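[1] here's a sequence, model it:
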Amino acid sequence: MTKVLIIEDHRLVAEGLKMGLSAEGFEVETTPGDFAIVRSDVLEFDPDIVLLDLGLGEHGNGLDLIPDLLGPGRYVVVLTGKQDALELGEAFDRGATAVLGKEIPFPALVAELREVSEGGTQAAERKRREIERELRRLRADHDERMRPFADLTPREEEVLAMLVEGRQAAEIARLSYVSMSTVRSQIRGILTKLGVSSQLAAVSIAVKANWHPR
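    Predicted coordinates for the structure are as follows:
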């Protein structure tokens, strides 16, 4: 009998899944998201599959548990309501076999767990490809947004960051122990490289792009 450990901080959700999966022939235990308790329960129960939520409330992010949950013949299946492709991709990177949305119909979840217990899952591969496509799109979008800032020197990045914080040239000069003329020259360099004519426009571009200095 396949043993499934459900890690879910919402008790009603965990108990509902336990009842349903038990009726389908799985041996099921549940545990809340407390990391210390989870690690103890994994050692004691020794599950074949860990069904893991990522949003564990006050206990933190389930991503941080994945490396500790893995073991010989043990699979981690993420069942989450989160949609962030970067986070879901990170789950795969850390060793999850499958990433499923909580909206998955129960019969499909059962079929997925059975496939995982047999060492493979088509649905997981489809989800992985979907996440990889979204990650490529996000990375391309990020690269495009960061392109205007690529030529800034480290010092120009520092000055732009202070402008974004709302600091004026005089304050930047004082904090940096340089002259006003030096700061004005650095600001001119920033404006030229960003293709704008004012500090306000430079700050606006940086904020809209969610830019941060390297």
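[2] please count neighbours and contacts with C-alpha atoms only from this point.
    Will do.
[3] quick one: pLDDT of the residue nearest in space to the middle of the chain?
    What sits nearest the mean C-alpha location of the chain, by C-alpha atoms, centre = their mean, is E87, with 2.3 Å. pLDDT for E87: 79.
[4] am I right that it sits in a strand?
    No - applying DSSP: H, G, I helix; E, B strand; the rest coil, one finds E87 to be helix, outside a strand.
[5] list the contacts for it?
    By C-alpha atoms under 8 Å, 6 or more residues apart in numbering, the contact list for E87 is empty.
[6] helices of the protein, residue ranges please.
    For the chain, the helices defined by DSSP state H occupy 11-23, 35-45, 66-69, 85-93, 106-117, 122-146, 154-164, 169-176, 180-194, 199-208.
[7] lowest average pLDDT across those?
    Taking the mean pLDDT of the helices of the chain, helix 122-146 comes last: a mean of 74.
[8] and that helix, what does it pack onto?
    helix 85-93, strand 98-101 (3 or more C-alpha pairs under 8 Å, 6 or more residues apart in numbering; DSSP states H and E).
[9] next, the angle from it to helix 85-93.
    130 degrees (axes from the mean of the first three to the mean of the last three C-alpha atoms, to 10 degrees).
[10] what lies in contact with helix 122-146?
    Counting by C-alpha under 8 Å, 6+ apart, A85, L86, L88, G89, F92, T97, A98, V99, L100, E112, A209, W211 sit against helix 122-146.
[11] what's the most distant pair in these?
    E112 and W211 (40.0 Å; C-alpha to C-alpha).
[12] look through this protein and report the residue furthest from the middle.
    Largest centre distance within the chain, by C-alpha atoms, centre = their mean: S181, 43.0 Å.
[13] what separation is there between H10 and G189?
    Separation of H10 from G189 (C-alpha to C-alpha, to the nearest Å): 53 Å.
[14] next one: A91
    41 Å.
[15] try S204
    For S204, the distance to G189 - C-alpha to C-alpha - is 17 Å.
[16] go on, S197?
    Taken as C-alpha to C-alpha, the span from S197 to G189 is 11 Å.
[17] quick check: neighbours shared by the two?
    By C-alpha under 8 Å, 6+ apart, no residue touches both S197 and G189.
[18] between the two, who's got more neighbours?
    Neighbour tally, S197 and G189, criterion other C-alpha atoms under 10 Å: the higher count belongs to G189, 15 against 12.
[19] excluding chain neighbours, what is closest to the more buried one?
    E156 (7.5 Å; C-alpha to C-alpha, 6 or more residues apart in numbering).
[20] confidence score at the closest residue to G55 other than its chain neighbours?
    Spatially, and ignoring its direct neighbours in sequence, G55 is nearest to N61 (5.5 Å; C-alpha to C-alpha, 6+ apart). For N61, the pLDDT comes out at 86.
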